[in-house]
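> With the sequence up front, the predicted model follows.
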Amino acid sequence: MNQTLIPPVRRAFAALAISCALVAGLAPAASAIGSPAPVPASSEAGKKKVKLDASLSKKQVKVNEKVTLKGKLQVDGARTDGTDSLEAIIVQQLQGSVWVNIGDTTCRPNSTFSLKLSFSFSAVITLRAYHPETTLYASAYTSSNLTLRVG
């Protein structure tokens, strides 16, 4: 029986080609992870509308310097008897064309939130705050992106 061994260079090339094909196949799924999917209007029917405002304490910081992101979660018709649940607020960074979660906190409806962030590299960073949809409230994100210069 005559067996032909695959040369190491061909084997490495084949492994590289298979890896690239797998990564290319997973790229569309990975890009959907970082940003919220569009929500059909019917699923938000009956949910309270939410408005999310946020700002940065500084527009420019040094590497590893902390900056505070402060904001307010405004909900139409929220209860004011103190029994409102804590709502998730997610801070996202634009990486390429995908929003990636980099931090989170919570706050009550019609209340404020604050989160300290720092970055270990020099860059111009685009951020936003995002509130995911819940059984009571619609999803929302800040109407304008926040730009931070780190360096």
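In hand now; what should we look at? Numbering: from 1, shown residues only.
> Which parts of the protein are strands?
Assignment of strands within the chain using DSSP state E yields the ranges 50-56, 60-61, 67-75, 87-95, 98-107, 111-117, 123-131, 140-141, 146-150.
> Give the pairing partners of the third one; include direction for each.
Each strand that strand 67-75 pairs with, and the sense of that pairing, follows from DSSP bridges: strand 50-56 (antiparallel), strand 111-117 (antiparallel).
> and these as TSV, adding mean pLDDT and distance to residue 70?
C-beta coordinates here come from the backbone N, C-alpha and C atoms, glycine included. Output for the strands paired with strand 67-75, formatted as TSV (pLDDT from 0 to 100; distance: least, CB to CB, whole Å):
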stretch	mean pLDDT	distance to residue 70
strand 50-56	95	6
strand 111-117	95	5
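> could you dump the ones you listed to TSV with mean neighbour count and distance to residue 149?
Conversion of the strands paired with strand 67-75 to TSV gives the following (neighbours: other CB atoms under 10 Å; distance: least, CB to CB, whole Å):
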stretch	mean neighbour count	distance to residue 149
strand 50-56	18	10
strand 111-117	16	13
